[in-house]
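Visitor: Mind looking at a prediction? Sequence and model below.
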There are 2 protein chains.
Amino acid sequence: MLIGPNAPISFESKYRASHMAHVYDFYKPDLASEYPVVDGKLSQTCYLMALDSCYRQFCNKYEKIAGKQFSISDAEYFVFHSPYNKLVQKSFARLYYNDFMRNCSYVDDDAKEKLQSFSNLTGEESYQSRDLEKASQQVAKHLYGIKVQPTTLLPKQIGNMYTASLYAALASVLYNKHDSLNGQRIVMFSYGSGLTSTMFSLRLNNGQHPFSLSNIGSVLGVTEKLQSRHETLPEKFVETLKLMEHRYGAKDFETSSDTSLLQPGTFYLTKVDSMYRRFYSQKPAEEIGGGKTKCCNGFANGH
Amino acid sequence: MLIGPNAPISFESKYRASHMAHVYDFYKPDLASEYPVVDGKLSQTCYLMALDSCYRQFCNKYEKIAGKQFSISDAEYFVFHSPYNKLVQKSFARLYYNDFMRNCSYVDDDAKEKLQSFSNLTGEESYQSRDLEKASQQVAKHLYGIKVQPTTLLPKQIGNMYTASLYAALASVLYNKHDSLNGQRIVMFSYGSGLTSTMFSLRLNNGQHPFSLSNIGSVLGVTEKLQSRHETLPEKFVETLKLMEHRYGAKDFETSSDTSLLQPGTFYLTKVDSMYRRFYSQKPAEEIGGGKTKCCNGFANGH
C-alpha cells in the first residue's frame, strides 16, 4: 500500500466505525494443526451482528457530520470481507433491512410490503429468521447487482482468502469499474473472527499517472492472472492438501524440485532440516533482453 | 509504562543503535511444545556479536554528537537482557574489552597488560577464546561490582524472564539506587533471539511526586515481593512443570480449585472445555475497610 498526497483512493476516516466482541466463532487453538475450529452458525451470526453494529455507528457519525441520513444509496459500492459469496449476499441484504427499519426514502412500497412482517422481530430473532434472509435478499437483489456484484470477481474465483478477501474484493471493483469511479464512494466492511470489525469508506478520484485509477486497473491485470491459473484434477488437489497437512510444523523433509508452476522470481522452500531450520531458493527471473529480467509483476535489473 | 513531560527517566534516542541478523539460535518451531529449540553456544556468540555491533554504533553516534569518545566510564549503570547472570558478566567484560581495543583512557596499565595478548584476535577468535573471557572478566570485575551488580537483583532471584529480564534489571537498579540516580546515565541492552537487538541510554532525574525516583523505588517494593514468595520442594516444582507440559495446548480439563497462593484480585484459568474454550475466574480482592478493597499492587473501589 502506497501512501501519499492527492491519492486516487482516500479514506473518509471521520465516518469509520468499529465493533469488537469476545467470541469463539472461528479460532486456531490446536497449534499442531493448520486447521481452525469453526462454529459456522455462530460465526455467521457474529458477522451479521458486527455488521449491524458498525453500520449503525457509521450512519450515526455520517448523520452527525453531514447533517443528513446515510443509506445504501449514498455509496456506489459495498465491499465485504468475503469468506464465501453467500455471506456477502446476506450481508448486503442485511444493510437493506437496516435501511428499511430506518425508514430510508429509497426503500419502495413493494420492498416495504415484503419486509413489513419482519419489522417487529427482536435482534436475535432477525439473525435466525430464514424467511427474513430470503425476503431481504429478494428485495435487495437489484441493488446487489449494481453495488456489490462488481466486487465479487476475485473472491468468487479464488475462494476464501481470509484477511486478503476484503482487498481482493476492492481490487475487483477497481479493475471492473476504474473508468467510472471518479468522485464515487466505496464502503468497506472488514471482519476478523474472535472478533473485531470495522466499517470505513473510501472516496475515489481519477488521480495522476502513474497513480491513476485507470493505471491501477490496468496493472492489476486481473483477467490475465485468472486465465494463467493451472487446472488440476481433484485427486491431485486432494493429494496436495494431504502433503501440506503432513508437512505442517514438520521437520526433516525436502520439497519437490519441480518448480514449473512457480512464477519466475518466486522464492520457495527447498527443505526443513532436522532442527526445523528452513531453507529457500529462488526461481530465476526471465531474461527479457537488454540485461533486464522480468520478475513476478515487475522488472528488476539482472544483477 | 507511563509517558509524559518532565519524566524522571528519559530516553536519549539520538544514541540508540540496533543490530539484526537471521539466525536459528533460540526458536520455537514445534508449536505443540511449550519448549524452544536452543543452540546455547550459538546463542551466546550471537548475543555477544550483537552487543559488539550495537556498542560500536552507539559509540560512533555519541562521538559524532557529543564530540568526544564514549566509554564505560560515561554511564553509571549497564543493564543487560539477562537470561542468566553468567552472560551478563561476560557481556560487561566484553564492553571492557571493546574499550581496551579502542584505547579508552580509563583502562589502566595492569588491564592493558592482561589483555595485550588478545589484541590481535579476529572477531570470531575473540568470541571463542575462554582465556579472553576469563581475563576480561577479571579486569572488569571491580567496575562490574559498581556498574552492573545493582542491576542483577531480580534476574538472579527470579531466573530467566525472557523479554521482562531487561526491565526487571532496570527495576533492580531503580530500587537499589533511587536516592543517588539524579543526573546519572543508564545504558540498556535489549536482545531477542532470531535476532534483533538494541542499545539505548536513559537519563535519570529525581522528578516530582508521585513520579519521582524515590516514589518509584518505594512502590516497587522489591524486597517485600521477593520475601513474599513461597518455598516449594523440588519434587512439587517438577510435578507442577509436568502438569503444565501435559496441559500445554490441551483441552477438556479443569484446574485446581486451590487459589491460596494467588494474590487477591488475580484472574485465573478455571477450565478449558472440549472446544478449547477457556474460562476464567477472579480471586476476590481483600476488604480493607471503608468500602475499599486491596487488589494486587493497587487499590480499587469495591464495586
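Guide: All right, it came through fine.
Visitor: alpha carbons only for contacts and neighbour counts from here, please
Guide: Fine.
Visitor: quick one: contacts for the residue in the stretch 101-250 of chain A that chain B sits nearest to?
Guide: Residue nearest to chain B within the stretch 101-250 of chain A: residue A:249 (6.4 Å; Cα to the nearest Cα). Residue A:249 is in contact with A:32, B:29-31, counting by Cα atoms under 8 Å, 6 or more residues apart in numbering or on different chains.
Visitor: Farthest-apart pair in those residues, please.
Guide: The largest separation in the contacts of residue A:249, counting by Cα to Cα, is between A:32 and B:29 at 10.5 Å.
Visitor: Would you point out the helix or strand in chain A whose mean pLDDT is lowest?
Guide: strand A:298-301 (a mean of 38; mean pLDDT, DSSP states H and E).
Visitor: Show me how to select, in ChimeraX, the buried members of the contacts of residue A:249.
Guide: In ChimeraX syntax, the buried subset of these is picked out as below (16 or more other Cα atoms under 10 Å in any protein chain shown):
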select /A:32 /B:29,30
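Visitor: these two touch, right, residue A:269 and residue A:280?
Guide: Yes. Using Cα atoms under 8 Å, residue A:269 makes contact with residue A:280 at a distance of 4.4 Å.
Visitor: who's more crowded, the two?
Guide: Remark: of residue A:269 and residue A:280, residue A:269 carries more neighbours, 14 against 10, as counted by other Cα atoms under 10 Å in any protein chain shown.
Visitor: partners of the host helix or strand of the more buried one, with directions?
Guide: Element membership of residue A:269, judged by DSSP states H and E, is strand A:267-272. Each strand paired with strand A:267-272, and its direction, by DSSP bridges: strand A:253-254 (antiparallel), strand A:278-282 (antiparallel).
Visitor: Residue A:111: which of those is closest?
Guide: Of all these, strand A:278-282 sits nearest to residue A:111, with 56.7 Å by Cα to Cα.
Visitor: List the buried residues of that closest one.
Guide: For strand A:278-282, a neighbour-count test (16+ other Cα under 10 Å) marks residue A:278 as buried.
Visitor: could you dump the strands paired with strand A:267-272 to CSV with mean pLDDT?
Guide: Putting those into CSV (pLDDT from 0 to 100) gives the following:
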stretch, mean pLDDT
strand A:253-254, 96
strand A:278-282, 97
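Visitor: what's next to the strand holding residue A:269, contact-wise?
Guide: So strand A:267-272 is in contact with A:250-257, A:278-283, going by Cα under 8 Å, 6+ apart.
Visitor: List just the nearest of these to chain B.
Guide: Nearest to chain B among the contacts of strand A:267-272, with distances taken as Cα to the nearest Cα, is residue A:250, at 7.9 Å.
Visitor: okay but the closest one is in contact with residue A:275, surely?
Guide: No. Counting by Cα under 8 Å, residue A:250 does not reach residue A:275; the two are 10.1 Å apart.
Visitor: which one of those two has more residues nearby?
Guide: Between residue A:250 and residue A:275, counted using other Cα under 10 Å, the more crowded position is residue A:250 (17 against 13).
Visitor: what secondary structure does the more buried one sit in?
Guide: Counting by DSSP: H, G, I helix; E, B strand; the rest coil, the backbone at residue A:250 sits in coil.
Visitor: Around chain B, pick out the residues from chain A.
Guide: Neighbours of chain B within chain A, by Cα under 8 Å from any Cα of the partner chain: A:24, A:29-32, A:37, A:249-250, A:275-277.
Visitor: and which of those is nearest to residue A:161?
Guide: Set against residue A:161, the nearest of those by Cα to Cα is residue A:37 (16.8 Å).
Visitor: so the closest one sits right up against residue A:43, yeah?
Guide: No. Counting by Cα under 8 Å, residue A:37 stays clear of residue A:43, with 10.9 Å between them.
Visitor: if I pick the residue nearest to residue A:277 when sequence neighbours are not counted, what's in contact with it?
Guide: The shortest distance from residue A:277 to any non-neighbouring residue, by Cα to Cα, 6 or more residues apart in numbering or on different chains, is to residue B:24 (7.1 Å). By Cα under 8 Å, 6+ apart, residue B:24 lies in contact with A:277, B:39, B:193-194.
Visitor: among the residues you listed, who's most crowded?
Guide: Top of those by neighbour count (other Cα under 10 Å): residue B:193, with 20 neighbours.
Visitor: Span of stretch A:242-253 from start to end?
Guide: Length of stretch A:242-253, first residue to last, Cα to Cα, to the nearest Å: 15 Å.
Visitor: Sort out which residues of that stretch are buried, please.
Guide: A:247, A:249-251.
Visitor: pretty sure residue A:52 is in a helix, no?
Guide: Yes. Counting by three-state DSSP, residue A:52 is located in a helix.
Visitor: and it, what does it touch?
Guide: Residue A:52 makes contact with A:94-95, A:98, according to Cα under 8 Å, 6+ apart.
Visitor: Most neighbours among the residues you listed, which one?
Guide: Most neighbours among the contacts of residue A:52, by other Cα under 10 Å: residue A:94, with 23 neighbours.
Visitor: Do I have it right that it meets residue A:135?
Guide: No. Taking contacts as Cα under 8 Å, residue A:94 lies outside contact range of residue A:135: 10.4 Å.
Visitor: one step back: wait, which of the strands paired with strand A:267-272 is closest to residue A:176?
Guide: Between the strands paired with strand A:267-272, strand A:278-282 lies closest to residue A:176; by Cα to Cα that is 33.0 Å.
Visitor: How far away from the center of its chain is the closest one?
Guide: Distance of strand A:278-282 from the chain centroid (Cα atoms, centre = their mean, to the nearest Å) equals 30 Å.
Visitor: repeat for stretch A:42-59
Guide: 16 Å.
Visitor: what pLDDT, on average, does that stretch get?
Guide: Stretch A:42-59 carries an average pLDDT of 97.
Visitor: Can you point out the buried residues in it?
Guide: So for stretch A:42-59, counting by 16+ other Cα under 10 Å, buried means A:43-59.
Visitor: can you check stretch A:139-149 too?
Guide: A:139-141, A:143-144, A:147-149.
Visitor: circling back to that earlier point, out of the contacts of residue A:52, which one sits closest to chain B?
Guide: Nearest to chain B among the contacts of residue A:52 is residue A:94, at 29.4 Å by Cα to the nearest Cα.
Visitor: out of everything not next to it in sequence, what's closest to the closest one?
Guide: Going by Cα to Cα, 6+ apart, residue A:94 has residue A:136 as its nearest residue, at 7.0 Å.
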